[in-house]
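Asker: Have a look at this fold, sequence not included:
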Ligand SMILES: Cc1cc2nc3c(=O)[nH]c(=O)nc-3n(C[C@H](O)[C@H](O)[C@H](O)COP(=O)(O)O)c2cc1C
């Protein structure tokens, strides 16, 4: 038995080609998020994005990224912010799983991206406050979770040296036995 192809293929590189992502591809990524599971089917995720077709807005979003991410992510033709509503829409009470559900939707998007031959790289390294202010979010209710760079894979040789080395290193993971416990 083998792992599903898109799970094997999904990864988070830092080199991006400037080839644009089509509206149809973007629509499919959002469709993938749409079908993610969520507690009480709350679907508490929301996405804001800018493409390189609108350079001023693209630059504004990239301005929320920490420098260590901005240097490579600004080359990606699509920059997104994933957000989550922290309270249930039906009663306004805290939803303990809001960030979990946004993560699930994000992974759905990442797998759909891999299936389309695209790459999606999530980032926690950004100013949440600056981003929330720019998007005029009421942080009591809705918070940015991750920013994402989406596009076609680029050439690692175009990255600064330290990033190029990281890009070419083999990906590592814990062994399954390190995080799975059968209860008998
Ligand atoms: C919530 C989250 C935050 C992350 N933040 C960053 C980040 O700020 N900068 C970065 O370069 N990568 C970031 N990553 C990417 C991880 O470093 C990457 O997923 C991990 O090293 C595993 O590599 P892979 O995605 O290629 O399997 C983030 C990933 C996740 C899920």
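Answerer: Yes, it's here. As the structure is a prediction and not an experimental result, all values here were calculated from the model. Numbers count the residues shown, from 1 in each chain.
Asker: can you tell me how far the closest residue to residue 49 other than its chain neighbours sits from the ligand?
Answerer: Excluding its sequence neighbours, the residue lying closest to residue 49 (C-beta to C-beta, 6 or more residues apart in numbering) is residue 80, at 4.2 Å. Where you see a C-beta, it was placed from the backbone N, CA and C, and this is true even at glycine. Distance, residue 80 to the ligand, by C-beta to the nearest ligand atom, to the nearest Å: 13 Å.
Asker: ok, residue 80 touching residue 148?
Answerer: Yes - taking contacts as C-beta atoms under 8 Å, residue 80 lies within contact range of residue 148: 4.4 Å.
Asker: follow-up on the earlier one: quick one: what helix or strand has the residue nearest to residue 49 in it?
Answerer: Secondary structure assignment for residue 80, by DSSP states H and E: strand 78-85.
Asker: And the contacts of the following helix or strand past that strand?
Answerer: Note on strand 78-85: by DSSP H and E, the next helix or strand toward the C-terminus is helix 98-115. With contact meaning C-beta atoms under 8 Å, 6 or more residues apart in numbering, helix 98-115 is reached by 6-7, 9-11, 28-39, 42-45, 82-87, 95, 119-120, 122, 145-146, 148, 150.
Asker: Enumerate the residues of this protein near the ligand.
Answerer: Where the chain comes near the ligand, counting by C-beta under 6 Å from any ligand atom, the residues are 11-12, 69, 122-125, 146, 171.
Asker: Of these, which is the most crowded?
Answerer: Counting neighbours by other C-beta atoms under 10 Å, residue 123 leads the residues of the chain next to the ligand with 21 neighbours.
Asker: hang on, the earlier thing: among the residues of the chain next to the ligand, which one sits closest to residue 180?
Answerer: residue 171 (19.4 Å; C-beta to C-beta).
Asker: For stretch 114-128, what does the pLDDT average out to?
Answerer: Average pLDDT, stretch 114-128: 98.
Asker: so where do the strands sit in the protein?
Answerer: 45-51, 78-85, 119-123, 142-151 (DSSP state E).
Asker: if we can go back for a sec, for the residue nearest to residue 49, give me its contacts.
Answerer: 47-49, 147-148, 150.
Asker: And the furthest pair within those?
Answerer: Farthest-apart pair in the contacts of residue 80 is 48 and 150; separation 13.0 Å (C-beta to C-beta).
Asker: which of those two has more neighbours?
Answerer: Neighbours per residue, other C-beta under 10 Å: of residue 48 and residue 150, the larger number sits with residue 150, 26 against 17.
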